[in-house]
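Asks: Attaching a predicted model along with its sequence, questions to come.
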Amino acid sequence: GFELMRRIRKDDPEARIIIFSMNDDPALVVRAIETGAQGYVSKGDDPRMLVKAVRKVAAGDNFISPQLAEAVTFSGASIKANPASQMTARELEILRLLGRGDKIVEVANALEISYKTVANTTSLLKQKLSAKNHSDLIRIAMEMGLD
């Protein structure tokens with residue numbers, strides 16, 4: 001979803017995006033909003049929330065279902081403890097692709113960025129996550145559920 005949102009933003013920076021996901025993890029809700037989504041609705045929410053979100057976002061407003069908004073509000077400490085909250089969207093996307101087994105050159109091609117950019121970001125990720133090597137990054141990505 002985040003990669004698709006990045007591609008949509010690249011083609012149409014004014015696009016209005018609502019994330020409709022079965023994942024109601026507050027850290028992912030925050031990440032989606034920080035990445036550019038104007039709305040976030042969980043598949044576990046009342047179906048009328050999706051209709052309300054579409055109407056509000058179409059009108060130029062933002063929307064997070066009340067249940068998710070409350071979870072985000074009261075999970076500040078857990079979001080801070082989550083390493084994903086300390087990473088940029090690009091770093092998370094690179095980590096996700098590494099976690100699924102992509103090599104640096106494949107990540108660069110998938111994201112349409114240079115090999116050197118991915119290699120540098122990988123080095124920064126190792127520092128941020130106290131990873132000793134590339135295999136540690138893959139393990140961390142899997143533990144974070146980014147695969």
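Replies: Looks like it arrived, so ask away. Numbers count the residues shown, from 1 in each chain.
Asks: Tell me where this protein has strands.
Replies: 18-21, 39-42, 63-64 (DSSP state E).
Asks: Which residues in the first one does the neighbour count mark as buried?
Replies: The one in question is strand 18-21. Neighbour counts using 16 or more other Cβ atoms under 10 Å place I18, I19, S21 of strand 18-21 among the buried residues. For glycine as for every other residue, the C-beta is placed from the backbone atoms N, C-alpha and C.
Asks: would you list these in JSON lines and tack on pLDDT?
Replies: Formatted as JSON lines, these follow (pLDDT from 0 to 100):
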{"residue": "I18", "pLDDT": "95"}
{"residue": "I19", "pLDDT": "93"}
{"residue": "S21", "pLDDT": "89"}
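Asks: OK, contacts around M5?
Replies: Applying Cβ atoms under 8 Å, 6 or more residues apart in numbering, we find M5 in contact with I17, I19, A32, T35, G36, A37.
Asks: Go again with 10 Å.
Replies: A15, I17, I19, A32, T35, G36, A37, A89 (Cβ atoms under 10 Å, 6 or more residues apart in numbering).
Asks: Burial check on the nearest residue to the first one once chain neighbours are set aside, number of neighbours?
Replies: Nearest residue to A15 in three dimensions, chain neighbours excluded: I8, at 5.1 Å (Cβ to Cβ, 6 or more residues apart in numbering). Burial measure for I8: 14 neighbouring residues, criterion other Cβ atoms under 10 Å.
Asks: Looks like V107 contacts L125 (just checking).
Replies: No: here V107 lies out of contact with L125, judged by Cβ atoms under 10 Å, at a distance of 11.4 Å.
Asks: Give me the common contacts of the two.
Replies: With Cβ under 10 Å, 6+ apart, V107 and L125 have common neighbours I94, L95, L98.
Asks: out of these, who has the most neighbours?
Replies: Neighbour-wise, these (other Cβ under 10 Å) top out at I94, 28 neighbours.
Asks: From K128, how far off is that residue?
Replies: Distance, I94 to K128, by Cβ to Cβ, to the nearest Å: 12 Å.
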